[in-house]
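In: only geometry, no sequence info:
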């Protein structure tokens with residue numbers, strides 16, 4: 001009984017601590033936030049490369065790509081896959097050339113996507 005209570009308390013605390021992790025929409029929002037934060041870190045360190053932030057950006061884009069439902073998502077899912085692939089290429093180009101315009105372009109893409117994602121938040125629309 002005590003073990004069950006401790007486990008439930010831990011899960012409750014963990015979910016309270018990371019707001020949004022308890023829903024698929026919230027988890028994607030967290031990935032968008034992580035990606036945008038790490039793009040900021042890359043820009044702050046320029047011209048040096050923060051390889052940890054770079055890796056987190058690339059991983060975040062991969063997570064977003066893998067989260068798409070290509071069967072049911074139709075043209076929207078396909079367009080997002082292409083946009084994510086383009087963003088990955090821009091980040092690799094930045095790594096090679098240190099062209100900050102590539103970082104800014106990727107950041108603008110994901111800030112716009114994040115804004116749209118927030119607009120369709122089912123929790124906000126229930127209120």
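Out: Now that the structure is in, tell me what you want to look at. Just so it is clear, the structure is predicted and the values come from calculations on it, not from any experiment.
In: host element of the nearest residue to residue 67 once chain neighbours are set aside?
Out: Leaving aside its chain neighbours, residue 67 sits nearest to residue 28 (6.2 Å; criterion: CB to CB, 6 or more residues apart in numbering). Using the backbone N, CA and C atoms, a C-beta is placed for each residue, glycine as well. Residue 28 belongs to helix 24-45 when assigned by DSSP states H and E.
In: So which other helices or strands are in contact with that helix?
Out: Here helix 24-45 touches helix 51-66, helix 100-119, helix 122-125, going by 3 or more CB pairs under 8 Å, 6 or more residues apart in numbering; DSSP states H and E.
In: Out of those, which gets nearest to residue 45?
Out: Among those, helix 51-66 comes nearest to residue 45, with 7.4 Å by CB to CB.
In: List the buried residues for the helix or strand that the closest one is followed by?
Out: Next in sequence after helix 51-66, counting helices and strands by DSSP H and E, comes helix 70-97. Residues 77, 80, 83-84, 87-88, 90-91, 93-94 are the ones in helix 70-97 that count as buried (16 or more other CB atoms under 10 Å).
In: ok, how many other residues are close to the closest residue in space to residue 43 that isn't next to it in sequence?
Out: Closest residue to residue 43 apart from its sequence neighbours, by CB to CB, 6+ apart: residue 103 at 5.5 Å. Close neighbours of residue 103, defined as other CB atoms under 10 Å, add up to 20.
In: got the contact list for residue 103?
Out: 39, 42-43, 46, 90-91, 94 (CB atoms under 8 Å, 6 or more residues apart in numbering).
In: can we see that at 6 Å?
Out: By CB atoms under 6 Å, 6 or more residues apart in numbering, the residues touching residue 103 are 42-43, 94.
In: what's the distance between it and residue 83?
Out: Residue 103 sits 16 Å away from residue 83, going by CB to CB, to the nearest Å.
In: Over to residue 49?
Out: Distance, residue 49 to residue 83, by CB to CB: 23 Å.
In: If you tally nearby residues, what's the number for the residue nearest to residue 67?
Out: Counted with other CB under 10 Å, residue 28 comes out at 17.
In: Check residue 67 too.
Out: Other residues near residue 67 number 13, with proximity taken as other CB under 10 Å.
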